[in-house]
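1. With the sequence up front, the predicted model follows.
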Amino acid sequence: MKLKLPFKLKIKYLIVNEDSFQGKAVFHEKEHPIKIHAENNEKIIKVPFSVMGVTDDEILVRVSGPSGVYVEDRIKFKGKSKWVEIDSDIIFFEIANSQHKFDTMEIFLK
């Protein structure tokens, strides 16, 4: 199944693990693992499913919560992975400040 942007994942939980956050998200009733790192060389995102029409494009990733709190960053889409993988300083450090406040991840085309 190939998806079109935008799409939304429900974050079940995020746990700090040394230099990253790991957790689970639900998309179309299927659980997917998540890893969020501070960026190493470049800001990237990979997802565990095919996405139509997006190859090496910059996309908008927003992580939000029910209270209205959110953080977003423009990140380069790098294809498939076994995880939802995000390398972004902005997202990583905002989640580090208040990880329990976030329950949704949205991915948009620029």
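-> Looks like it arrived, so ask away.
2. quick one: the helices in the protein?
-> If you assign secondary structure with DSSP state H, the helices in the chain sit at 89-97.
3. Which pLDDT value belongs to the spatially most central residue of it?
-> For the chain, the residue lying nearest the average C-alpha position, counting by C-alpha atoms, centre = their mean, turns out to be I86 (5.3 Å). At I86 the predicted local confidence, pLDDT, stands at 95.
4. now swap in D19 and tell me
-> On the pLDDT scale, D19 is placed at 88.
5. What of V51?
-> 70.
6. separation between the residue nearest to the centre of the chain and E39?
-> Here I86 is placed at a distance of 9 Å from E39 (C-beta to C-beta, to the nearest Å). To be clear about C-beta, it is placed using only N, CA and C from the backbone, and glycine gets the same treatment.
7. Mutual contacts of the two, please.
-> Taking C-beta atoms under 8 Å, 6 or more residues apart in numbering as the contact rule, I86 and E39 both touch F92.
8. and K12, how many neighbours does it have?
-> The local packing count at K12 equals 13, with neighbours defined by other C-beta atoms under 10 Å.
9. partners of V61 in the sheet?
-> According to DSSP bridges, the partner residues bridging V61 are D73, I107.
10. pretty sure it is touching D73, no?
-> Yes. With contact defined as C-beta atoms under 8 Å, V61 reaches D73; the gap is 5.8 Å.
11. what touches both of the two?
-> 88, 91.
12. so where is this protein shaky, pLDDT-wise?
-> In the predicted model, the chain carries pLDDT under 70 at residues 1-5, 52-56, 109-110.
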